[in-house]
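S.K.: structure for this input, please:
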Amino acid sequence: MEEIIYDDIGSYPLPEGVSKEWIRNAFKTRTEDERLFEVINDAFQQKIDAGVEVSTYPQYQDMNEQFLKVIWDPNCCYSPFEVKLECARIEELEAIEQVAKAYKEKFGETLNVRICVTGPTELYLKKFGGTQYTDIYSLLAKSVNNFVRNSMRFAKHFKIKTVSIDEPSIGLNPELAFDENDIISAFNDASKAASKWGADVEIHLHSALYYSFACEASTINVIGIESAGTPSYMDLIDKKVLEDTDSFLRLGIARTDIYSLAGILNELYCTNVWKDQQYLPEIVTKLETPDVITKRLMLAYRRFGNLIKYIGPDCGLGSWPNQKIASILLSNVAQGIKDFRKSM
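M.R.: Modelled structure (predicted):
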């Protein structure tokens, strides 16, 4: 059996006492970096301690604004929509150097990290909706590539093993005006640097409807789908397409749709668990347990075998009620994977 790697998608609950407004202001002004970096590093360390093998820094910024604020700054661009390499920074990576350095000193190994960049399609739809300006779409893809390229150049104490291009609108947003060739071209332009530097390049989709577009992109080798919450997405995946394009899967094996999970408890106890929070922990003690997660992984493995390269929660945990429950879910996934490996 080929190694299956445990990663996570990124977003994570804020600690108690830290507001979204404070985080927004801290990233905007960069005047409280010591506290900001502490918040980022604490959450990142929780992911490592929970057993995530290739962790993503906690995403506390808006996925679009984080990149568009740079792309829209005329001082940061060679020309409209074409960001300068030196400006294309993922600020969270500066913070996690501290954790990565400590990890290296403690274990004598370089920490593997997953980074995520918002894809060109998502950025384009945010600003231009259903209009079709192929030249701008292409420039945004090249700007995304610069964020990846710059990140890989300056990583000191960690190795960027996985680069995720986040494209949640593909297959869901009816405004998408570009054809298949335009999208494949944009995918290739956005992930050239990651592929060149030897990272796995993953496309993170919320719908598997157009997964084949990513398979056709020469620089993308991992297709991520949210298969725990929507198992039927696996029915859309043709093993032969994966094999013919040398593509692999990143499957969700733990549900992250917190409102649906809370709804199950609401019905069970005839209450509102957001107000009566004594039942919320049952999301990770009775619903998303290691046993449930192991069974999902076993079913997926029987179906796709060694075509599965990465596994983890469906999506990010930013909307979960607190860090403790989010951390337990990550630990449950780690235990589920461990039990699966033993059984194999």
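
S.K.: how about the strands in the chain?
M.R.: Using DSSP state E, the strands of the chain run over 5-6, 55-56, 77-79, 82-83, 111-118, 158-166, 200-204, 222-225, 248-254, 308-313.

S.K.: other SSEs contacting the second one?
M.R.: Think strand 55-56. Under the contact criterion of 3 or more C-beta pairs under 8 Å, 6 or more residues apart in numbering; DSSP states H and E, strand 55-56 touches helix 33-50, strand 111-118. In this view, the C-beta of every residue, glycine as well, is placed from N, C-alpha and C.

S.K.: packing partners of the longest one?
M.R.: Spelled out, that is helix 33-50. For helix 33-50, the helices and strands in contact under the criterion 3+ C-beta pairs under 8 Å, 6+ apart are helix 20-29, strand 55-56, helix 91-107, helix 323-343.

S.K.: let's go with 6 Å and repeat that
M.R.: Contacts defined by 3 or more C-beta pairs under 6 Å, 6 or more residues apart in numbering; DSSP states H and E place helix 33-50 against helix 91-107, helix 323-343.

S.K.: same question, the shortest one
M.R.: Using 3+ C-beta pairs under 6 Å, 6+ apart as the contact definition, the elements that strand 111-118 packs against are helix 134-154, strand 158-166.

S.K.: among these, which comes closest to residue 48?
M.R.: In terms of C-beta to C-beta, the element of the helices and strands packed on strand 111-118 nearest to residue 48 is strand 158-166, at 11.0 Å.

S.K.: and for the closest one, what's in contact with it?
M.R.: Defining contact as C-beta atoms under 6 Å, 6 or more residues apart in numbering, one finds that strand 158-166 is touched by 54, 100, 110-116, 118-119, 148, 152, 190-191, 194, 199-204.

S.K.: with mean neighbour count and mean pLDDT added, can I get the helices and strands packed on helix 33-50 in a markdown table?
M.R.: Output for the helices and strands packed on helix 33-50, formatted as a markdown table (neighbours: other C-beta atoms under 10 Å; pLDDT from 0 to 100):
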| stretch | mean neighbour count | mean pLDDT |
| --- | --- | --- |
| helix 91-107 | 17 | 95 |
| helix 323-343 | 19 | 97 |
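
S.K.: CSV for the ones you listed, including distance to residue 62?
M.R.: Listed next are the helices and strands packed on helix 33-50 as CSV, based on distance: least, C-beta to C-beta, whole Å:
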stretch, distance to residue 62
helix 91-107, 13
helix 323-343, 19
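
S.K.: burial measure for residue 111, as a count.
M.R.: Neighbour count of residue 111, defined by other C-beta atoms under 10 Å: 21.

S.K.: can you pull the contacts of it?
M.R.: By C-beta under 6 Å, 6+ apart, the contact set of residue 111 is 100, 103, 158.

S.K.: quick check: the first one touching residue 157?
M.R.: Read it as residue 100. Yes: under the criterion of C-beta atoms under 6 Å, residue 100 makes contact with residue 157 at 3.9 Å.

S.K.: for the residue nearest to residue 123 when sequence neighbours are not counted, report the pLDDT, please.
M.R.: If the residues on either side of it in the chain are set aside, residue 123 comes closest to residue 140, at 5.1 Å by C-beta to C-beta, 6 or more residues apart in numbering. Listed pLDDT for residue 140 reads 97.
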